[in-house]
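Asks: Return a 3D structure for these sequence lines:
(2 chains)
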Protein chains: 2
Amino acid sequence: MQSLNLDLGERSYSIHIGTDLLTRADLLLPLLRGKQILIVSNTTVAPLYLEPLTQSLITARPELIIHTCILPDGEAYKDMAHLQEIWDNLLEAGFNRNATLIALGGGVIGDMTGFAAASYQRGVDFIQIPTTLLSQVDSSVGGKTGVNHPLGKNMLGAFWQPRVVLADTRTLQTLPPRELSAGMAEVIKYGLLGNLAFLAWLEQQMPGLIAGDQQLLSQAIDRSCQCKADIVAEDERESGKRALLNLGHTFGHAIETEMGYGEWLHGEAVAVGMWLAADLSRRMGWLSDADVTRVASILQAAGLPTHPPKTMTTDSFLKHMAVDKKNLDGQLRLILLRQLGQAELFDFTDLPLLRQCLNDAITNPHGF
Amino acid sequence: MQSLNLDLGERSYSIHIGTDLLTRADLLLPLLRGKQILIVSNTTVAPLYLEPLTQSLITARPELIIHTCILPDGEAYKDMAHLQEIWDNLLEAGFNRNATLIALGGGVIGDMTGFAAASYQRGVDFIQIPTTLLSQVDSSVGGKTGVNHPLGKNMLGAFWQPRVVLADTRTLQTLPPRELSAGMAEVIKYGLLGNLAFLAWLEQQMPGLIAGDQQLLSQAIDRSCQCKADIVAEDERESGKRALLNLGHTFGHAIETEMGYGEWLHGEAVAVGMWLAADLSRRMGWLSDADVTRVASILQAAGLPTHPPKTMTTDSFLKHMAVDKKNLDGQLRLILLRQLGQAELFDFTDLPLLRQCLNDAITNPHGF
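Replies: Residues are numbered from 1 along each chain as shown, chains lettered A, B, ... in the order given. The predicted structure is shown next:
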């Protein structure tokens, strides 16, 4: 097991990475304020991992009161209606301020459980047990929680830090290959935005990673979490540097919103977004043709798409990008690559260039 | 104008109290991060005060983009459905993270606007302009925000501090007498829980206060806010001392929940709750008969009820008190009076005594 610490003063917490952490009740029990636990999971993950988690807790401390809330699986259900289902569960169980929520699942479950915890009785504890690569390297760390609104992704939420994160790499063995690839998009992101050496390592190890090598995955998760933890510790509420973690996300959110949440996986949309960010950076004169080809190659090696859905138009991209949270007072801000391994938040004003970039990506997906 | 400061580190803010503050754009403008403002008000307050507020802002800074969201008036509408209406407004307007929400109204508007701000894009600024005595002395100060759930009051919410509070005493001139009395319940609370001298001053000045004397009201609001600010500065998230501010509220919430929100005003329910807390304290041997009579007298002088609705039973009280946020792991915690002017959070275990107290209050409202 590897352990990192996310240093946020009194909100600091540990991130543990390794095999079979799911049943390590000893990592969870010391953090509980009370006896009441609500485990939130979904219809895919619960049949696999709910029983071992519950059993290990109950065996270690029989007086625990454990309720469960099983939601349907998918980004399409990351909405207020299902958030309310979690709250209803807590209230019907009569749970108080010392209750602890445990998120057992991917990013959707983690984000919703975190927001439910943030707002139940003005804030109770929660624990992240991410079971997808995407959530292990990204959403479970850093305290961003929320749900989608018909007019935008993650528009409602809170910054609310978990008490601990357990990333059990064993759970990745049951993850569909498409989702492993989607998670790899965020891993690649850490290389692109701030660590060229890590990018080179990923280029070398991608076949083993995609084949599910536990040891390699553990290393990739550890380095990704360390990168994220460093940035979050510096800028918890995203007033500056943390925005860099959204590399590719402004374009990606537009794809997810337009296609309807769930049709494209988040990581797939982000992969396309990162490619678009790279290509736009090339048009700014920052990246070379070879750099952009390198970005496309590693994404493709990870089994990820690099071009937008055929049904999307330039206008639909621009429409959705206008409500992105990173746009301040109507000014479009994009995260671009000054060079590979160095991202930068940029006040973007050259609309014709952006249109051209999107248009070319949509109409001529294989040339630039 | 009197000004206090609530000291919460980087979340510190000023509370200004005085006449005609509503049109003092100079107190608000320096605090705005961006140009986008959503004023949230209700159908009672908006016709009176929305126009002067909007005009003063637009006159001082014509480039402001001001939207309004007018909700129906009353505790019955403090729910998720109406919170969503605020969020929808923000998203339809395309407002970003630099937007500012302004709550113009009583506690319901303040609590909902605060929660909407806390969760919109994971947190934007908001400003409190409370227009009722209750909200001026209580809910606008301290950052508690939230909405009700069918299973309990304020069960969903956040701690989210405003950037500034403007308590304009002129707005109390249009407040119905019943609501002025309800607000006075919280003013009396500050005397009962921690300031015997203030209680004595209130006993003396109650006729003038209830008649709406601006000068006296201003003094009462100032002292109440100071008392609240001191306690909140010491314990922002209610892990200890802040719970004392809930004197009478555990009983009061039970009344509001049972009767349906809106039938009884919050302050009226709290008045009864304070009387019950006093009577239970007497039964504990802490207060004298004369003390309890004194509590009843000042509440009655303020035009407040002191006994529960006839339709409530002891069991309905106990049922609702079990989900109160102050109860930890099924242990009933009540705020009782060690003596007049000194409240204490108490782990209450003597259920028969509590039943007797409630039963007597319900069946024999005029004796104890």
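
Asks: I'd assumed A:L133 was in contact with A:M184.
Replies: Yes - the pair A:M184 and A:L133 qualifies as a contact (C-beta atoms under 8 Å) at a distance of 6.6 Å. Yep, even glycine has a C-beta here, placed from its N, CA and C like the rest.

Asks: all helices of the stretch 51-200 of chain A, in order?
Replies: Ranges of helices within the stretch 51-200 of chain A are A:80-92, A:107-119, A:133-134, A:177-194, A:196-210, based on DSSP state H, counting those that start in this stretch.

Asks: Would you mind giving the ones you listed as a markdown table with mean neighbour count, mean pLDDT and distance to A:A296 added?
Replies: Shown next, in a markdown table, are the helices of the stretch 51-200 of chain A (neighbours: other C-beta atoms under 10 Å in any protein chain shown; pLDDT from 0 to 100; distance: least, C-beta to C-beta, whole Å):
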| stretch | mean neighbour count | mean pLDDT | distance to A:A296 |
| --- | --- | --- | --- |
| helix A:80-92 | 18 | 97 | 36 |
| helix A:107-119 | 28 | 97 | 25 |
| helix A:133-134 | 28 | 96 | 20 |
| helix A:177-194 | 24 | 97 | 11 |
| helix A:196-210 | 16 | 97 | 12 |
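
Asks: so where's the longest helix in chain A?
Replies: When chain A is scanned for its longest helix (criterion: DSSP state H), the result is helix A:214-234.

Asks: So for it, mean pLDDT?
Replies: Taken as a whole, helix A:214-234 has a mean pLDDT of 95.

Asks: list the helices and strands it packs on?
Replies: strand A:2-6, strand A:13-18, strand A:164-168, helix A:177-194, helix A:196-210 (3 or more C-beta pairs under 8 Å, 6 or more residues apart in numbering or on different chains; DSSP states H and E).

Asks: and that helix, how far from the chain's centre?
Replies: 13 Å (C-alpha atoms, centre = their mean, to the nearest Å).

Asks: Could you do stretch A:86-105 as well?
Replies: The answer for stretch A:86-105 is 23 Å, by C-alpha atoms, centre = their mean.

Asks: Then stretch A:57-64?
Replies: On the basis of C-alpha atoms, centre = their mean, the separation between the geometric centre of stretch A:57-64 and that of its chain is 31 Å.

Asks: again with stretch A:148-158
Replies: 15 Å.

Asks: Name all residues that make contact with the residue nearest in space to the middle of chain A.
Replies: Taking C-alpha atoms, centre = their mean, the centroid of chain A lies closest to A:S139, which sits 3.4 Å from it. The neighbours of A:S139, taking C-beta atoms under 8 Å, 6 or more residues apart in numbering or on different chains as the test, are A:106-107, A:110-111, A:130.

Asks: Let me see the confidence value for it.
Replies: 92.

Asks: what residues does chain A put near chain B?
Replies: A:34-36, A:80, A:84, A:87-88, A:91-92, A:94, A:96-98, A:115, A:118-123, A:144-146, A:149, A:151-152, A:154-159, A:237, A:322-323, A:325, A:327-330 (C-beta under 8 Å from any C-beta of the partner chain).

Asks: I'd like the helices and strands packed on helix A:214-234 as a markdown table, with distance to A:P72 appended.
Replies: Converted to a markdown table, the helices and strands packed on helix A:214-234 look like this (distance: least, C-beta to C-beta, whole Å):
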| stretch | distance to A:P72 |
| --- | --- |
| strand A:2-6 | 30 |
| strand A:13-18 | 28 |
| strand A:164-168 | 23 |
| helix A:177-194 | 16 |
| helix A:196-210 | 28 |
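
Asks: related to what we said a few turns ago, using TSV, lay out the helices of the stretch 51-200 of chain A together with distance to A:P30.
Replies: Below are these laid out as TSV (distance: least, C-beta to C-beta, whole Å):
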stretch	distance to A:P30
helix A:80-92	23
helix A:107-119	18
helix A:133-134	27
helix A:177-194	29
helix A:196-210	33
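
Asks: mind checking which of these is nearest B:L172?
Replies: Across the helices of the stretch 51-200 of chain A, B:L172 has its closest neighbour in helix A:107-119 (31.8 Å, C-beta to C-beta).

Asks: For the closest one, list the C-alpha coordinates in CSV.
Replies: Provided in CSV are the C-alpha atoms of helix A:107-119 (Å, rounded to 0.1, in the frame of the first residue of the first chain):
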residue,chain,number,x,y,z
GLY,A,107,-17.0,9.6,-10.1
VAL,A,108,-20.7,10.0,-10.3
ILE,A,109,-21.2,8.2,-7.0
GLY,A,110,-18.3,10.1,-5.4
ASP,A,111,-19.5,13.5,-6.6
MET,A,112,-23.1,12.9,-5.6
THR,A,113,-22.3,11.3,-2.2
GLY,A,114,-19.9,14.2,-1.5
PHE,A,115,-22.5,16.8,-2.3
ALA,A,116,-25.1,14.9,-0.3
ALA,A,117,-22.6,14.9,2.7
ALA,A,118,-21.7,18.6,2.2
SER,A,119,-25.4,19.6,2.5
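
Asks: so how far is it from its chain's centroid?
Replies: 12 Å.

Asks: between it and helix B:107-119, how many degrees?
Replies: Per axes from the mean of the first three to the mean of the last three C-alpha atoms, to 10 degrees, the angle that helix A:107-119 makes with helix B:107-119 is 140 degrees.

Asks: and A:R122, what does it touch?
Replies: Counted by C-beta under 8 Å, 6+ apart, A:R122 has contacts B:144-146, B:154, B:157-159, B:237, B:325.

Asks: shaky segments in chain A?
Replies: A:261-262, A:323-330, A:365-368 (pLDDT under 70).

Asks: where do the strands sit along it?
Replies: Residue ranges of the strands in chain A, as given by DSSP state E, are A:2-6, A:13-18, A:36-42, A:65-71, A:100-105, A:125-130, A:144-149, A:152-159, A:164-168, A:332-339, A:342-348.

Asks: ok, the first one: who's next to it in the sheet?
Replies: It stands for strand A:2-6. Paired strands of strand A:2-6, with direction, are strand A:13-18 (antiparallel) (DSSP bridges).

Asks: What of the fifth one?
Replies: Based on DSSP bridges, the pairing partners of strand A:100-105 within the sheet are strand A:36-42 (parallel), strand A:125-130 (parallel).

Asks: Can you tell me which of the contacts of A:R122 has the most neighbours?
Replies: Neighbour counts for the contacts of A:R122 (other C-beta atoms under 10 Å in any protein chain shown) peak at B:T145, which has 29 neighbours.

Asks: If we ignore the residues flanking it in sequence, what's nearest that one?
Replies: Closest residue in space to B:T145, ignoring its immediate chain neighbours: B:G114 at 3.1 Å, by C-beta to C-beta, 6 or more residues apart in numbering or on different chains.

Asks: can I assume that neighbour is in contact with B:W160?
Replies: Yes - with contacts counted by C-beta under 8 Å, B:G114 reaches B:W160, the gap being 5.3 Å.

Asks: what do those two both touch?
Replies: B:126, B:143, B:145.

Asks: Could you list everything the first one pairs with in the sheet?
Replies: Residues in a beta bridge with B:F126, per DSSP bridges, are B:L101.

Asks: wait, what's in contact with it?
Replies: By C-beta under 8 Å, 6+ apart, the contact set of B:F126 is B:100-103, B:113-114, B:116-117, B:160, B:162-163.

Asks: same thing but 7 Å
Replies: The contact partners of B:F126, by C-beta atoms under 7 Å, 6 or more residues apart in numbering or on different chains, come to B:100-103, B:113-114, B:117, B:162-163.
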